[in-house]
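> Coordinates for the following, if possible.
(one chain, ligands or ions: 2)
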Amino acid sequence: MNRAAFIHGVRDIRIEPFDPPVGSPDTARLDVASVGICGSDLHYYKDGGIGSATIDTPFVPGHEFSGRLQADIESLELSRGQLVSVDPALPCHTCEWCHRGHHNLCPNVIFLGAPPYNGALTHSINVPRQSIVTIPESMTADEAAMLEPLGVCIHAIDLAKPRLFETVTVLGCGPIGLGILQLLKLSTCGPVYAVDPLPHRAKAALQQGADEIGDSTDAILDATSGLGSDLVIEATNSPNAFVDSVKAAKIGARVVLVGIPDGNDYAPLSAAEARRRGLNIKFSRRMGNVYPRAIELVAAKKVDVESLVSHHFTLDGTPDAFAMQDANDSELIKSIIRLDQ
Ligand SMILES: [Zn+2]
Ligand SMILES: [Zn+2]
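Ligands and ions are numbered 1, 2, ... in the order given. Predicted structure coming up:
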């Protein structure tokens with residue numbers, strides 16, 4: 001009997017029998033291998049939704065995943081048992097934003113693992129063939145699942161456009177903040193300051209190459225003689241994210257907001273604080289065309305996505321994984337559910 005992890009409502013996740021829908025010639029069936037738990041999944045668990053995307057009926061989360069094909073796909077030159085990654089986003093390709101190349105902003109997108117579309121926390125899943133991402137043989141199941149969050153990091157860097165030797169602050173040292181940090185270290189930006197109130201996450205940033213760490217933006221202001229940094233990239237779940245980003249930003253700086261705040265609201269922001277600094281502020285939404293670069297970065301060992309994975313669970317351990325993340329466990333950075341073990 002195939003089973004899946006269903007989010008029923010706030011802090012209510014259950015492992016239950018699940019019959020995947022019957023496939024079509026446009027889909028392929030996978031045995032799911034690795035599924036990453038994302039901060040967005042945690043919002044569905046903690047808040048019962050993200051903004052207007054609410055859980056009306058129990059749904060299966062999981063949009064960062066890899067799996068093995070149950071049958072050959074000749075048109076893609078893929079064979080049974082082969083490990084592949086999956087791009088969870090299926091944009092419409094017909095709307096104004098798709099035509100402009102902003103597929104990540106498509107309002108008609110089908111996104112596997114966001115309500116009402118079930119995701120990959122199940123042993124067996126049908127995915128659209130066009131969503132299959134072919135990966136090098138050397139890639140592991142965890143690496144293949146981590147291509148999606150790495151893509152989010154790449155998109156944030158694309159928006160941020162780090163410049164030579166400028167100072168950068170990364171707010172939030174979860175998997176996305178740390179992934180962004182790894183990418184920043186590949187650029188020729190100047191010192192990178194990393195901030196997280198959780199000591200183990202700030203420490204992880206130090207291990208991953210941050211030049212200085214702190215538990216709040218005050219530490220960054222101390223380190224920059226009160227000036228703040230030229231570029232701030234935010235990847236937290238804090239309602240104070242916007243206020244903190246502005247505070248950490250130098251006059252004339254650029255700010256990229258990537259995180260999703262708990263409860264979906266930002267704390268009130270002083271208009272004068274942001275306006276007088278003349279800040280250039282961008283919001284990052286999922287990702288653009290990033291998979292080829294994500295694959296290249298992992299295959300060439302330019303980034304180490306497995307170093308972001310701190311915990312593994314089986315499907316039955318999924319409720320524990322969510323509870324640990326919710327409780328800000330003192331060791332946890334990123335959980336992966338292994339469905340093939
Ligand atoms: Zn995600
Ligand atoms: Zn579209």
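> Determine the longest helix present in this protein.
Ranked by residue count and defined by DSSP state H, the top helix of the chain is helix 141-160.
> elements contacting that one?
strand 27-36, strand 64-69, strand 83-86, helix 175-186, strand 229-234, strand 249-257, helix 291-299, strand 335-338 (3 or more C-beta pairs under 8 Å, 6 or more residues apart in numbering; DSSP states H and E). Using the backbone N, CA and C atoms, a C-beta is placed for each residue, glycine as well.
> what about the helices in the stretch 1-150 of the chain?
Ranges of helices in the stretch 1-150 of the chain, per DSSP state H, counting those that start in this stretch, are 39-47, 96-99, 141-160.
> Comparing those, which comes out most buried?
Per-stretch averages of neighbours, counted by mean count of other C-beta atoms under 10 Å, single out helix 141-160 among those, with a mean of 24.
> wait, which of the helices and strands packed on helix 141-160 is closest to residue 4?
Proximity to residue 4 (C-beta to C-beta) singles out strand 27-36 among those, at 9.6 Å.
> what residues does the protein put near ligand 2?
Neighbours of ligand 2 within the chain, by C-beta under 5 Å from the ion: 91, 92, 95, 98, 106, 108.
> which residue does the chain bring closest to ligand 1?
Closest contact between the chain and ligand 1, by C-beta to the ion, is at residue 38 (3.1 Å).
> How many residues are close by that residue?
Per other C-beta atoms under 10 Å, the neighbour tally for residue 38 reads 25.
> Could you measure from the nearest residue to residue 43 once chain neighbours are set aside over to residue 259?
Nearest residue to residue 43 in three dimensions, chain neighbours excluded: residue 50, at 4.9 Å (C-beta to C-beta, 6 or more residues apart in numbering). Residue 50 sits 12 Å away from residue 259 when distances are taken as C-beta to C-beta, to the nearest Å.
> again, but for residue 96
Separation of residue 96 from residue 259 (C-beta to C-beta): 27 Å.
> ok, now residue 132?
Here the criterion is C-beta to C-beta. By it, residue 132 lies 29 Å from residue 259.
> Also residue 318?
23 Å.
> one step back: for burial, what's the neighbour tally of the closest residue to the residue of the chain closest to ligand 1 other than its chain neighbours?
Leaving aside its sequence neighbours, residue 38 sits nearest to residue 64 (C-beta to C-beta, 6+ apart; 5.8 Å). Close neighbours of residue 64, defined as other C-beta under 10 Å, add up to 30.
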